[in-house]
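1. Using only what follows, build the 3D model:
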Amino acid sequence: MRNICDTIYYDIIQWVTEYKEVSLDEVLSKSRKRDLFLSRMLISYCLLYCGNGLETIGKKIGRDHSTIHYYKNIFVDGMDIVVNYELSMFTLFLEKRGVELPNLEDFRKRMDLIHNK
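-> Purely as a prediction, here's the structure:
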């Protein structure tokens, strides 16, 4: 099984849009619909884990760095049941494609390491 960081940005986008059944145009839109919000969060989760910066991720999904920072805080806190559920289901979706997505505990450890450099 390959690691999510061994993929390119476009693969991540395709997997998320396929999983959530939304289009790239919808993800990049200004819409605040729940499925689009969750799609952006999943993309951010993958890209943050792989070491992309807040501004870089924001530009890729049509948001600013403060939005990505907000998403990151949700992941680190891990208190949002819907986000936890979506991450679990997306992990299963990716496993069927031979791709490993880190769990929240690994994500938090990695964010601590990056933050404490």
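2. Now stretch 79-97: buried residues?
-> 83, 86, 87, 90, 93, 94 (16 or more other C-beta atoms under 10 Å). Just so you know, the C-beta spots here come from the backbone N, C-alpha and C atoms, and that holds for glycine as well.
3. my bad, stretch 24-43
-> Neighbour-count burial for stretch 24-43 [16+ other C-beta under 10 Å]: 27, 36, 37, 38, 39, 40, 41, 42, 43.
4. from the buried residues of stretch 79-97, which two are the most distant?
-> 83 and 94 (16.1 Å; C-beta to C-beta).
5. where do the strands sit along this protein?
-> Here the chain has its strands, by DSSP state E, at 2-3, 99-100.
6. In a markdown table, list the buried residues of stretch 24-43 along with pLDDT.
-> Below are the buried residues of stretch 24-43 laid out as a markdown table (pLDDT from 0 to 100):
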| residue | pLDDT |
| --- | --- |
| 27 | 95 |
| 36 | 95 |
| 37 | 94 |
| 38 | 94 |
| 39 | 96 |
| 40 | 96 |
| 41 | 94 |
| 42 | 94 |
| 43 | 95 |
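7. Could you single out the nearest of the residues you listed to residue 64?
-> Of the buried residues of stretch 24-43, the one sitting nearest to residue 64 (C-beta to C-beta) turns out to be residue 40, at 12.0 Å.
8. just to revisit the earlier point, can you put the strands of the chain in TSV and add mean neighbour count and distance to residue 52?
-> Listed next are the strands of the chain as TSV, based on neighbours: other C-beta atoms under 10 Å; distance: least, C-beta to C-beta, whole Å:
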stretch	mean neighbour count	distance to residue 52
strand 2-3	12	15
strand 99-100	16	17
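9. For residue 19, find the nearest of these.
-> Short answer: strand 99-100, nearest of those by C-beta to C-beta, at 11.6 Å.
10. Are there helices or strands packed against the closest one, and which ones?
-> Secondary-structure packing of strand 99-100 (3 or more C-beta pairs under 8 Å, 6 or more residues apart in numbering; DSSP states H and E): strand 2-3.
11. what does the strand it packs on contact?
-> With C-beta atoms under 8 Å, 6 or more residues apart in numbering as the contact definition, strand 2-3 has outside contacts at 98, 99, 100.
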